[in-house]
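K.L.:
The amino acid sequence is not available; the structure is as follows:
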């Protein structure tokens, strides 16, 4: 896709339209309260959370994309000035509140930005999102898939989030006399905290800014900032440390729980370090595991794919694993031939069974 037309989660470059997949900090670098480069498209939930994240932001710049409803864009080629017609559709990515994929169709071909996503086979929300994506595609094949390759390695295989949530609840249940400290981000894993609150019929402590987010999401009555009301606390991930837990444990028996796709380590990026005696790691991940990434690529069979996470020892180029699932890119799929749409030769089906 020609640069300068569409920017997804890129805020420091010139573009004719900007798109926000979700409000996690690693996707908003360069975005600030005084940012004013152009129109910013996002989901309804992200728009509702936006003022609390960026106070003073010019909200007239926000354009809300309803989930599953295509929106037409008028762009102009920077190379020759030719008018370009593009449709964009936001698809639920099931990563955190407000997170979406963006599907672009039209004169630029068919391009899907997955953003961060987790589509578990047994998840009702993911099932609906998959059904919406296939409906909007309407038989068009994906020319280019920008893929969340966070856990694109066969070593990463973890359970669905509802299973991991039950594991956390079991840990809490087995330690009735302990204070429980759970490390979470400023957005995400609300479903886990709600399940814990419901399982023990108790409120969960959160810090004041997190409580505001909970209220904006309509989660009222299950969270508190009063430590005396509960033994279960959700603290910012950046505050979650062995030193913090040891200090708390010296006052009252305390146990830490880190819900993450990666094992918690006392030394950053050293995932082979011995676990701490006060910390339980539970594989509760908001990113798809390797098997789910493979299922996603197999569903779409794009002509090309590219990872959104740079390659490293953990994050591998998805082409290495999934090139055999991609369809050859024919001449007619080039943006030089926008009138010719490449139809998928694979007919994905959504089973009515979600077991």
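P.N.:
Good, I have the coordinates. Since this is a predicted model, take the numbers as computed values, not measurements.
K.L.:
shaky segments in the protein?
P.N.:
For the chain, the stretches with pLDDT under 70 are 1-2, 263-274, 311-316, 329-355.
K.L.:
ok, residues contacting the longest strand along it?
P.N.:
Looking across the chain with DSSP state E, the single longest strand is strand 83-92. Under the contact criterion C-beta atoms under 8 Å, 6 or more residues apart in numbering, strand 83-92 has outside partners 5-6, 19, 41, 43, 65-77, 99-108, 125-126, 128-129, 132-133, 136. All C-beta spots, glycine's among them, are computed from the backbone N, C-alpha and C.
K.L.:
How far off centre is the next helix or strand after it?
P.N.:
Using DSSP states H and E, the next helix or strand after strand 83-92 towards the C-terminus is strand 100-106. Mean-position distance between strand 100-106 and its chain equals 15 Å (C-alpha atoms, centre = their mean, to the nearest Å).
K.L.:
One more: stretch 224-232?
P.N.:
Worked out by C-alpha atoms, centre = their mean, stretch 224-232 lies 29 Å from the chain centre.
K.L.:
Give me the distance between the two termini of it.
P.N.:
With C-alpha to C-alpha, to the nearest Å applied, stretch 224-232 spans 10 Å between its terminal residues.
K.L.:
Next: stretch 176-196.
P.N.:
Span of stretch 176-196 from end to end, C-alpha to C-alpha: 13 Å.
K.L.:
if we can go back for a sec, list the buried residues for the longest strand of the chain?
P.N.:
By neighbour count on 16 or more other C-beta atoms under 10 Å, the buried set for strand 83-92 is 84, 86, 88, 89, 90, 91, 92.
K.L.:
Farthest-apart pair in these, please.
P.N.:
The most widely separated members of the buried residues of strand 83-92 are 84 and 92, with 26.6 Å between them, by C-beta to C-beta.
K.L.:
now residue 178: how far from residue 197?
P.N.:
17 Å (C-beta to C-beta, to the nearest Å).
K.L.:
Repeat that for residue 42.
P.N.:
Look at residue 42 and residue 197: by C-beta to C-beta, they are 28 Å apart.
K.L.:
Between those two, which is the more surrounded one?
P.N.:
Comparing residue 42 with residue 197 by neighbour count (other C-beta atoms under 10 Å), the higher total belongs to residue 42, at 24 against 19.
K.L.:
ok so, going back, sitting in helices, which of the contacts of strand 83-92 do you find?
P.N.:
Within those, residues falling in helices by DSSP state H are 125, 126, 128, 129, 132, 133, 136.
K.L.:
Name the nearest residue to the first one, sequence neighbours excluded.
P.N.:
With sequence-adjacent residues excluded and distances taken as C-beta to C-beta, 6 or more residues apart in numbering, residue 125 is closest to residue 94, at 5.3 Å.
K.L.:
list the contacts for the one you found?
P.N.:
Per C-beta under 8 Å, 6+ apart, neighbours of residue 94: 117, 118, 119, 120, 123, 125, 126, 129.
K.L.:
Can you list phi and psi of it for me?
P.N.:
Backbone torsions for residue 94, taken as degrees, to the nearest 10, come to phi 60, psi 30.
K.L.:
ok, it to residue 69 distance?
P.N.:
Counting by C-beta to C-beta, the gap from residue 94 to residue 69 is 18 Å.
K.L.:
No further queries at this time; thank you.
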